[in-house]
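Engineer: Fold the following, please.
(2 chains)
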Amino acid sequence: MKYLSIAAAALLSATPALAQESSDPIKLTLHDWSGQLVTTTIMGEVLKEAGYNIEYVQADYIAQFAGLKTGDLHVAMEIWETTGREAMDEAFATGNVVNLGETGMMAIEEWWYPKYMEERCPGLPNWEALKDCADAFSTAETAPFGRYLGGPVTWGGFDEERVEALGLDFEVIHAGTDAALFAELEAAYQRQDPIMLWIYSPHWAPAKYEGSFVEFPPYSPECYDDPSVGLNPDAAYDCGKPTGPIWKVAWAGLADKWPNAAKTIENFNIDNAAMGAMVAEVDLNGKSVDETVAEWMAANTDTWSSWIVK
Amino acid sequence: MRRLAKSGYVFWIALFAITWALSTFSFALYKALDARWIIRFPKQWQLELDGKISTFLDWLVESAGFYFFSFRDLTRAIAAVIEAPYQFFRNLLIEGFSSGIGETATQILPSLSWIAVIVCVTAIGRYARNWKLAGLVGACFLYLAVFGQWESAMITLASILIAVPIGVVGGGFLGIAAYRFEWVNRALRPILDLMQTVPVFAYLVPILILFGFGPVAALVATVIYAMPPMVRITIISLQSVPDELLEAGRMAGCTQRQIMWKVLVPSATPTLMVGVNQVIMLSLNMVIIASMIGAGGLGFDVLASLRRLDIGGGIEAGLAIVVMAIALDRASQAFAERKYQAALTGNFFQRHPLAVSALLVVLGTSALGVVIPAIQTYPDSWSVTTGPFWTDAMKWVNINFFDAFEAIKVVILQWLLLPVKGFFSGIPWAWGIIAMGLIGWRVGGWTLGLMAVLMMAFIAASGLWAKAMVTIYLCGVSVFIATVIGIPLGIWAAEKPRAGKIILGFMDTLQTLPSFVYLIPVIMLFRVGDFSAMIAVVLYALAPAVRYAAHGLREVPEQIIEAGLMAGCTPRQILRRIKLPLATPHLLLGLNQTTMLALSMLVITALVGTRDLGQEVYIALTKANAGAGIVAGLSVAFIAIIADRVVNALAEKQRKRLGL
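Structural biologist: Numbering: from 1, shown residues only, chains lettered A, B, ... in the order given. Below is the predicted model:
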């Protein structure tokens, strides 16, 4: 199909509207979580409206950087400050990958517990309540310590340090993937069993399960860097986790090949609330991504048409 | 004889006692002597190979070149050659042929309709054997349509249709080369070992860089993983062609080439088809990992459903892979056993009734499909889903049986997992290397011993000793449990053919069902931890233990059992005194395969959250650190190779003792 189409494009000498820009498809990456699918589909549909050809490619979140560096892939719509920093820095350093700015969404990650735990550990969401009721979160393997299920080791997060610095009686267990994280949450929630775990937003979990984030002392860069700052004068990390933007990242050649498309992508902006509503439509109400995006596009024509650069 | 056996026991007991003592007191020893090197490999001696490998790969990708083109141009050219037929199959099966790009595209030809594909595979089934097989294959594909998996399944099928021929032809030629030239055989053997034992995650990043992101890279990874059995089976099957046949060929004045293609290959064909079958199965095993790097299809559906915790969706997509495996497996086996049939006479239509009628259906449905969409694409409203059932069943089990599971888990953790973990992680690295060498030497002579020492030293020198010990512990415990469960199941399957059919069928399903599908329910019931990892490994590695035990018992010669009966043995005595000892080599081979599968599965269980070499490989992948991934992958491979050689040597010894 590709070869035929290139031949056809040559014969028809491309569509006039895009005379100066390439008519090759712009390749956007799709990952395996709905929020990202929604973001990417919105971007793809908007670019289609602007007259570009679009191809969606399914790719692994981190492995995709290999493709972005070589130009096999062109745009990744959601790289989270919180989980993708290292990969991004490494890719930017090669000069083959560039940052197209924030998506407008903010990543929040923190310790999270289901609502029914508030009865068993009164005083939540204030973190100081955890000092007295760590045993309410314990399991056979960790007793008398509470069990805190952290994200994959690669996510970092400094939870061991946080537990130590704040003097919490918790043992940190690392899940291997986030599917494992949410599998445990789902199971515990069904049984109304105690659980404390790492959750991030925007995600469907905070919408599906009732519960809240623990309120730790607010994050500041000094708290992470300087032991003397914060509650514990001898230890760093005695505060909550930072929040961070979700970035748009692209192959460096994008702006040369499709200059206006690159600007259009830079203009893309959407907030947590709008995204959260769409993710809930998809994951909880069983609508398809395309349907949800089409509805959003119909209701927000002004928003997305203002992104387009002709 | 008896004295020998006795001294053998003394050796093993002494080895275990020393290891146990060192393991228990290593920490105290380090404190007493203030010698930290006892438990930690000294940093200044570390190899730091990962950095070198990464640099080499960068060089290979960025600047390595021949006179006119770079190395990457070469791999990209290969990628383009693979991509063209792949795209053709995709267009044929699902996307349709069109010209123009994106919105402006106009369709020239539609893809095959779902009815046409089902009719074609049914005709192939009939051609390969009989109507019964045709019905089975047709029903399998109908399942894909009815359960709404059609589109993904066709994408997966397109990649299988490319990966399998490449694997089969490439593997076949390598096998022939190894048969003809001894040096090829020698050079190939370690490479094959590595291809089969280095976890796929370890070489995914270099492949992505070289072959570009997308289905082609996934196809290359699939071929690397699925080809080795084809090579091995080709060599074995050519070697086992009777000498008389060769002799006859030479007497008839055949050239080398004629002997190969007119004598050797035709007479080895039935065995070669076993290789084809293996390639198909392993390619389907790769579907999930391939989908992580852009292959899409059923693998992607499994991953995406589990990401949403849609267990039912995951199971349905997973079962679709199983169903496809069944169809392809049965059809390929039927081709292997296909007997020569007299050619039909008459005109073209009379000679090829199947091909002609299939063609008619293809043309007919394509024409009708333009008018009636339901004929072209299976309508969504007709599809059935069992998703809610699985989700509810899981919830019911979780709420009602969790406490029972928890109790069992705590007992096994305390009495088995934790002590074994303590034992292995306490072993000082220096003694670990020596002990491995001693085991190798004892079982397979000094070459094996030396190899074991070098490989273990490599692991220690890469700074992965502690992770390797966790790997050995998890793998060891899982293999032990799989054997304890698997061998009795195998015996049962062999003694009671009817039960056997069900058991072996179940084992096939467990092996082709992507492990991700049961990983998530296992986590829901057993939480993140070593225990969940162990359950997943046992489920995956159980099959060979059962299969080889059943096969070994059935292979016991009839006469010997007869003799036992005559001597007045009870059925129980026959089993214990005759069948089991004679089946030991097979049982050991089963153990060997179980170990291999357990090790390959450990890489997947990294996703649960174990802290072993598998996790190391996975972390390297997520950080795109190719060097670290390859070093950790090699460490896994070395453990696998040592285990393989030791168990094989044991099996060989036993076989000699029994005079088989």
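Engineer: going forward, measure contacts between C-alpha atoms and count neighbours the same way
Structural biologist: Noted.
Engineer: B:Pro206 contacts B:Ala626, correct?
Structural biologist: Yes: using Cα atoms under 8 Å, B:Pro206 makes contact with B:Ala626 at a distance of 6.5 Å.
Engineer: So between the two, which is more surrounded?
Structural biologist: B:Ala626 (26 against 22; other Cα atoms under 10 Å in any protein chain shown).
Engineer: Look at the more buried one and report its pLDDT.
Structural biologist: Looking at B:Ala626, its pLDDT is 82.
Engineer: how close does B:Ala134 get to chain A?
Structural biologist: Distance from B:Ala134 to chain A, counting by Cα to the nearest Cα, to the nearest Å: 32 Å.
Engineer: Next up, identify which helix or strand that residue is on.
Structural biologist: Element membership for B:Ala134, per DSSP states H and E: helix B:131-146.
Engineer: returning to what we had before: show me the common contact partners of B:Pro206 and B:Ala626, please.
Structural biologist: B:Leu57 (Cα atoms under 8 Å, 6 or more residues apart in numbering or on different chains).
Engineer: just to revisit the earlier point, which secondary structure elements does the helix holding B:Ala134 sit against?
Structural biologist: helix B:114-128, helix B:311-337 (3 or more Cα pairs under 8 Å, 6 or more residues apart in numbering or on different chains; DSSP states H and E).
Engineer: Out of the ones you listed, which is closest to B:Thr255?
Structural biologist: In terms of Cα to Cα, the element of the helices and strands packed on helix B:131-146 nearest to B:Thr255 is helix B:311-337, at 27.1 Å.
Engineer: List the residues that contact A:Leu185.
Structural biologist: Counting by Cα under 8 Å, 6+ apart, A:Leu185 has contacts A:Ile195, A:Leu197.
Engineer: Identify all contacting residues around stretch A:83-93.
Structural biologist: A:Ile62, A:Phe65, A:Lys69, A:Ile79, A:Val97, A:Val98, A:Asn99, A:Thr154, A:Trp155, B:Lys623, B:Ala624.
Engineer: hmm, back to that, make TSV from the helices and strands packed on helix B:131-146 and add mean pLDDT to it.
Structural biologist: Listed next are the helices and strands packed on helix B:131-146 as TSV, based on pLDDT from 0 to 100:
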stretch	mean pLDDT
helix B:114-128	86
helix B:311-337	86
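Engineer: For the ones you listed, give me a markdown table that also has distance to A:Ser220 and mean neighbour count.
Structural biologist: Listed next are these as a markdown table, based on distance: least, Cα to Cα, whole Å; neighbours: other Cα atoms under 10 Å in any protein chain shown:
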| stretch | distance to A:Ser220 | mean neighbour count |
| --- | --- | --- |
| helix B:114-128 | 59 | 22 |
| helix B:311-337 | 40 | 22 |
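Engineer: got TSV for the ones you listed, with distance to chain A too?
Structural biologist: Formatted as TSV, those follow (distance: least, Cα to the nearest Cα, whole Å):
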stretch	distance to chain A
helix B:114-128	20
helix B:311-337	10
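Engineer: buried stuff in the host helix or strand of A:Pro206?
Structural biologist: A:Pro206 belongs to helix A:205-208 when assigned by DSSP H and E. For helix A:205-208, a neighbour-count test (16 or more other Cα atoms under 10 Å in any protein chain shown) marks A:Ala205, A:Pro206, A:Ala207 as buried.
Engineer: in what helix or strand does the spatially most central residue of chain B lie?
Structural biologist: Nearest to the geometric centre of chain B sits B:Leu282, at 5.1 Å (Cα atoms, centre = their mean). For B:Leu282, the host element (DSSP H and E) is helix B:265-285.
Engineer: what's the following helix or strand after that helix?
Structural biologist: Next along from helix B:265-285, by DSSP H and E: helix B:287-292.
Engineer: which strands and helices sit next to that following helix?
Structural biologist: helix B:215-226, helix B:298-307.
Engineer: wouldn't B:Met154 be in contact with B:Gly297 here?
Structural biologist: Yes: B:Met154 is within contact range of B:Gly297, at 7.5 Å (criterion: Cα under 8 Å).
Engineer: What are the boundaries of the strands in chain A?
Structural biologist: A:26-30, A:54-58, A:75-80, A:97-114, A:146-150, A:170-174, A:197-201, A:211-213, A:244-251 (DSSP state E).
Engineer: contact partners of the helix holding A:Pro206?
Structural biologist: With Cα under 8 Å, 6+ apart, helix A:205-208 has contacts from A:Phe182, A:Ile199, A:Ser212, A:Gly276, A:Ala280, A:Leu284.
Engineer: Stretch B:172-186 too?
Structural biologist: Stretch B:172-186 has contacts (Cα under 8 Å, 6+ apart) with B:Leu188, B:Met230, B:Val231, B:Arg232, B:Ile233, B:Thr234, B:Ile235, B:Leu238, B:Gln239.
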